[in-house]
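# Starting from these lines, generate the structure:
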Amino acid sequence: MNTAPRVLDLFSCAGGAATGYHRAGLVVDGCDIADRPHYPFPYHRGDALEYLARLIDTGEIGRYTLVHASPPCQAKAALTVGTNASQGWGGTHEDLVAPTRDLLVRSGLPYVLEQPNGKAEIRKDLTLCGEMFGLGVLRHRNFELGGWATARQAHPRHRGYVRGHRHGVKREGPYVAAYGKGGGKATVPEMQAAMGITWTDVREELTEAIPPAYTHWIGRAFLTCRQEMFA
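Sure, this is the predicted structure:
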C-alpha cells in the first residue's frame, strides 16, 4: 500500500500541476469536468466543487493530505480585464474562486489555490514565474496557501521580451507566448518544450497548463513544512 502523502488536484486540466506534485513525491488524484485522456494519473470526471463537497460530506476527504485547486480564471485574468475588455472581446465568465475557497477551508486540509495575474481575489502568498526555473515561458501564477506557509521565492529580472507581436510592435526574446494563435505565438512543440510538458499535444490544454516546475517546488516546500510540523 502506498503511504505517500496524497494530493487532490481539482480543475486538473491535462495535469501540469499534478505532474509537479508527483515529481515532488506526492500521490495524485485529479478531478475535471471535461474528458482528459492525457491526464497521467487517476482522475474523476465531474464538477470539481460538487466532488469536493461530496468527499467532505462522506469523510472520504480524509485520504488526502493536500488539496490543489485551479478554478477557471477567465473572469478576472489580466487578459480579460485588460485587452479583451477594452476591445469589447470575449463573453461572460463565472468566478469560482470564492466558492472554491469556502470548500477548501471546510475540508480542514492544507490547500493551494492558484490563479494567474489579474484581479482574482486571492492572497498572493507565492508568485512564481518561469524565469525562476529557467523555462521558456514567463507564465506568472499566484498561489494562496491555506493551513501552511513557506518563504516566498525571489523574483529574478526577466532576460528579455516575450517573442511576438504586441500592440503593433514585433519583438524577439527568450520567451514564447504560450496562448492564442498567430502574431508570433508559440507552436505546440514550442509550448511543450518551454513548459516541460510532453504528455499532451492539445493546444487548448497547453495554453491553460501550469508548468510542472512550479508545483514540483511547491510540493517539496509543502513536504518540508509538513515534516517540520510533525518533527
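# Can you list the buried residues in the top helix by length along the chain?
Of all segments of type helix in the chain, defined using DSSP state H, the longest is helix 212-229. By 16 or more other Cβ atoms under 10 Å, the buried positions in helix 212-229 come out as 212-223, 225. In short, each C-beta sits where N, CA and C put it, glycine included.
# I'd like those as CSV, with distance to E121 appended.
Listed next are the buried residues of helix 212-229 as CSV, based on distance: Cβ to Cβ, whole Å:
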residue, distance to E121
P212, 26
A213, 26
Y214, 21
T215, 22
H216, 27
W217, 24
I218, 20
G219, 25
R220, 28
A221, 23
F222, 23
L223, 28
C225, 24
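# Can I get those in CSV including pLDDT and distance to V169?
As requested, the buried residues of helix 212-229 are exported to CSV (pLDDT from 0 to 100; distance: Cβ to Cβ, whole Å):
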residue, pLDDT, distance to V169
P212, 98, 32
A213, 98, 29
Y214, 98, 29
T215, 98, 33
H216, 98, 34
W217, 98, 33
I218, 98, 35
G219, 98, 38
R220, 98, 39
A221, 98, 38
F222, 98, 41
L223, 98, 44
C225, 96, 43
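# Among those residues, which one lies nearest to P110?
Checking the buried residues of helix 212-229 against P110 with Cβ to Cβ, the nearest one is F222 at 7.0 Å.
# so T65 touches S107, yeah?
No. Contact criterion Cβ atoms under 8 Å: T65 and S107 do not qualify, at 11.2 Å.
# and the next element down the chain from the helix-or-strand element of the chain with minimal mean pLDDT?
Scoring the helices and strands of the chain by mean pLDDT, DSSP states H and E places helix 85-87 at the bottom, with a mean of 45. If you walk from helix 85-87 toward the C-terminus, the next helix or strand you reach (DSSP states H and E) is helix 97-107.
# got the contact list for the closest residue to F11 other than its chain neighbours?
Across the structure, with Cβ to Cβ, 6 or more residues apart in numbering as the measure, the residue nearest F11 apart from its sequence neighbours is S70 (4.7 Å). For S70, the residues meeting the contact criterion (Cβ atoms under 8 Å, 6 or more residues apart in numbering) are L10, F11, S12, C13, A17, E114, Q115, I210.
# Among those residues, which are located in strands?
Among the contacts of S70, the residues falling in strands (DSSP state E) are L10, E114, Q115.
# Separate out the buried members of the residues you listed.
For those, burial is judged from neighbour counts taken by 16+ other Cβ under 10 Å, and it is met by L10, E114, Q115.
# Which of T65 and S107 has more residues huddled nearby?
S107 (20 against 17; other Cβ atoms under 10 Å).
# Read off the pLDDT value for the more buried one.
On the pLDDT scale, S107 is placed at 98.
# Before I go, just wanted to say thanks for your time.
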